[in-house]
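# sequence plus predicted model, see below.
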Amino acid sequence: MVTNNDRVFTPLTTPYLTYNKREGERLESNVKHNLEVGGKIIVLSGPSKIGKTVLIKKVIDEDKRIILEGGDLKSVEDLTLRMIQKLSKIPNEITKIESINSNANIDGSASLGAKFWNWAYLRISTKAGSSVNAKHEMIFGDDPFERVTHYMLDRGYTLVIDDFHYIDGTVQREIIRKLKAPLSEGMKVVFALIPSRTEVVIQQEPDMSFRTKVLNVPLWSDDELRYISDRGFEALNTSVESTIIDKFVEK
């Protein structure tokens, strides 16, 4: 029986009661297997709104995934800062960051270092239109991108870039090149793309062919769509004629 707080049919959001694993396609198991192996960019290819992002959210635990929108990334620096922003929203990372900022109980193996976080937050504030003066930015010799990707690698995070095809071609190439080193150490990376852009990773960086695994998310079958309707109406304790469900499927 569904309560007022339950959500059954949830367009444009992550489904719960009506989620269909599509077991015949082995989508979840294929993604999980390739993530466990690591070291490759998993290219999840499928039409828009086919369920690529939902699949990612079902396979990767919320506290172990960093999902970014390709349309937001105009540079490698954007990618670095947005990874940091996402990390700061995960409870365990908030605790670590607060500890670092207070200089209390700093564990060298668990922190990126106070100087790094100060730099990161200053850059985020500046990009967000803060009155912070960019000339006061802290500069240090190592690479912020390298720091944050190693941080994620050490803690088993998966980097997901949704709609990677929306990123400018030059920036795509820069991101892929920067990812080579962490990928060689086993970092988990997923790009979600539309089918017509599936080859973009190899086109931008041909020697990535052995570090790319394409997983296709096919169109829904009629039976798979009926499953969603059946599950939803069952949860609503509602009986609906099959002819009406057929119309849903046809649309």
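The structure has been received and is ready for your questions. Just so we're clear, the structure is a prediction, and the values are computed from it rather than from any experiment.

# so which helix or strand takes in Thr80?
helix 76-88 (DSSP states H and E).

# Ser88 and Phe164, how far apart?
The gap separating Ser88 from Phe164 is 23 Å, by CB to CB, to the nearest Å. Glycine gets a C-beta too; all of them are placed from N, C-alpha and C.

# also Thr198?
In terms of CB to CB, Thr198 sits 10 Å off from Phe164.

# in the longest helix along the chain, what's buried?
Ranked by residue count under DSSP state H, the longest helix found in the chain is helix 169-184. Buried positions in helix 169-184, judged by neighbour count with 16 or more other CB atoms under 10 Å: Val171, Gln172, Arg173, Glu174, Ile175, Ile176, Lys178, Leu179, Pro182, Leu183.

# what about the fifth one, distance to Leu183?
It refers to Ile175. On the measure of CB to CB, Ile175 and Leu183 end up 12 Å apart.

# which stretches of this protein have low pLDDT?
Along the chain, the model assigns pLDDT under 70 to residues 1-14, 16, 20, 92-142, 227-228, 249, 251.

# show me the strands in it, by range?
In the chain, the strands defined using DSSP state E lie at 41-45, 65-69, 158-162, 188-193, 212-216.

# so which residues of the stretch 1-150 of the chain form helices?
For the stretch 1-150 of the chain, applying DSSP state H, counting those that start in this stretch gives helices covering 27-37, 52-59, 76-88, 91-101, 114-127, 144-154.

# on contacts alone, who are the packing partners of the shortest one?
Where contact means 3 or more CB pairs under 8 Å, 6 or more residues apart in numbering; DSSP states H and E, helix 52-59 is packed against helix 27-37, strand 41-45, strand 65-69, strand 158-162, strand 188-193.

# for stretch 23-43, measure first residue to last.
20 Å (CA to CA, to the nearest Å).

# neighbour-wise, which of Ser88 and Phe164 wins?
Using other CB atoms under 10 Å as the criterion, Ser88 and Phe164 rank with Phe164 on top: 26 against 16.

# hang on, that one packs against Glu199?
No: with contact defined as CB atoms under 8 Å, Phe164 does not count as touching Glu199 (11.9 Å).
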